[in-house]
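Enquirer: This is a predicted model, with the sequence first.
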Amino acid sequence: MIDLVIVGAGPAGLGAAISAAENGLKVCILDEFVKPGGRLLGQLHEEPDGKWVNGIAEAEKLYERAIQLGVNIQCGVSVYDLIKLDNGWCVYTTDKIIESKCLLLATGASETPIPIPGWTLPGVMSIGAAQVMGNVHRVKPGEQGIIIGVNVLSVAIARELQLCGVHIKSILLPQPSLLSGDAAKPEKMMESLLRLTHLAPSPLIRFGGKWVNAKLGARLYPKNGFKMWGISIQLRKTALEIVGENQVEGVRIADISATGEVIHGTEKVVPADFVCIAGGLTPMSELAAVAGCSFCYVPELGGHVPLHNEFMQTNLNGLYVAGNITGVESAKVARAQGTVAGLAIAHELNALGNRANEKLDEAIVEVVETRRKALIQFQPGIEEARMELHHKFHESRGEAILM
């Protein structure tokens, strides 16, 4: 029986493996993708200070450090079942069965689909798929594209696609429906945009973002949108249908009011050879459910997340979580959470040695500081939501609140 199995070789999983292995634990990482790195692999962007972030290079550094520490990394392996043992966990994979003393789920997040008429045509893909095509495989998803869904993810990846030499004609809203929900409401999406104005190349947009009210901004928003990096972001237009015979040929759009109602008679078709659908992200927590973990619904964190404390420990002995399975945030936050989880697991297995509590406290502070410095916040109120989640964990166990 090994000390720790980690499911997920993204920044959280690799960060946890490194901190656990540095304290002498025998660690195995499993990931269904063919190479480690997770969402880091698709990231390539310039920060406001001019520094470029190359996710592939960052993933390679983490991978090399983990290998140097003796971590066993197995890619192309899926986990389909988890069984709690008296003294650990039994992990069922497509390759073999592994028993470990502790288990960390760092499975990340998945994209939320928004069904739109015509979305089964060749050339329609999720925004994350386009990111992987461009930044990982170096293949253009097309020449001229339209992104349906205005949110933090779509705006950030639109810029990355532009750097790949792809022309993004516009980013616009999906048609109002039960499934699209708030994603079709200009006022709600204005809130999302206001959290990105600090990244805008225009000083005017950056300044305005500090003062504009979301509801007022949606009403005053120009019908033809405004541009960031030359990309038209349109909150007063909606995608009614993706059109084409054998592949994407364009998108039928229409104007909408500030509250999201379609203005009939304004329909037209905008040509495009590919379409990305950006419905946002939600924690990928199926394995936690299989394990029998307790959950809590937290909208600010992206949906249902496993109940856990600040040490990334769930209500099940020996089961920990880290990264976007605990709530959708940046890769830097995920890595910091992984470090906490690795140290906490080492502490549980009596391997952390001297200054154990001090090391854990320092790692937890690092998570908080990394979150506060994050360039992108996927939802407002993340810090408060996490504190409330931790409170619920302690209350469920009859424990005193630690933070």
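Expert: On my side now, so go ahead.

Enquirer: isn't Asp255 right next to Thr266, touching?
Expert: Yes - in this structure, Asp255 is within contact of Thr266 by C-beta atoms under 8 Å, at 4.0 Å. C-beta coordinates here come from the backbone N, C-alpha and C atoms, glycine included.

Enquirer: which residues are in contact with both of the two?
Expert: Taking C-beta atoms under 8 Å, 6 or more residues apart in numbering as the contact rule, Asp255 and Thr266 touch no residue in common.

Enquirer: Have a look at these two and say which one is more surrounded.
Expert: Asp255 (18 against 14; other C-beta atoms under 10 Å).

Enquirer: partners of the helix or strand hosting that one, with directions?
Expert: Following DSSP states H and E, one finds Asp255 within strand 250-255. When pairing is defined by DSSP bridges, strand 250-255 lines up against strand 231-243 (antiparallel), strand 268-271 (antiparallel).

Enquirer: which one of these is the most hemmed in?
Expert: Comparing these by mean neighbour count (mean count of other C-beta atoms under 10 Å), strand 231-243 comes out on top with a mean of 22.

Enquirer: Look at Ala288 and say how many residues are nearby.
Expert: 27.

Enquirer: what sits against it?
Expert: 105, 295, 306, 314, 319, 321, 325.

Enquirer: State the distance from it to Leu25.
Expert: To Leu25, Ala288 is 21 Å away according to C-beta to C-beta, to the nearest Å.

Enquirer: quick one: low-confidence ranges for the chain?
Expert: 46-50, 187, 189, 191-225, 400-403 (pLDDT under 70).

Enquirer: Show me it divided up by domain.
Expert: Split into domains by automatic domain parsing, the chain comes to 2-110+282-396, 113-279.

Enquirer: Just say which of those is most tucked in.
Expert: Comparing the domains of the chain by mean neighbour count (mean count of other C-beta under 10 Å), domain 2-110+282-396 comes out on top with a mean of 20.

Enquirer: ends of it, how far apart?
Expert: 30 Å (C-alpha to C-alpha, to the nearest Å).

Enquirer: distance between that domain and the chain's centre?
Expert: The chain centroid and the centroid of domain 2-110+282-396 are separated by 13 Å under C-alpha atoms, centre = their mean, to the nearest Å.

Enquirer: before we move on, back to that, possible to save the contacts of Ala288 as TSV with distance to Gly142 and secondary structure?
Expert: Shown next, in TSV, are the contacts of Ala288 (distance: C-beta to C-beta, whole Å; DSSP: H, G, I helix; E, B strand; the rest coil):
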residue	distance to Gly142	secondary structure
Leu105	35	strand
Phe295	38	strand
Pro306	38	strand
Thr314	42	strand
Leu319	42	strand
Val321	37	strand
Ile325	32	helix
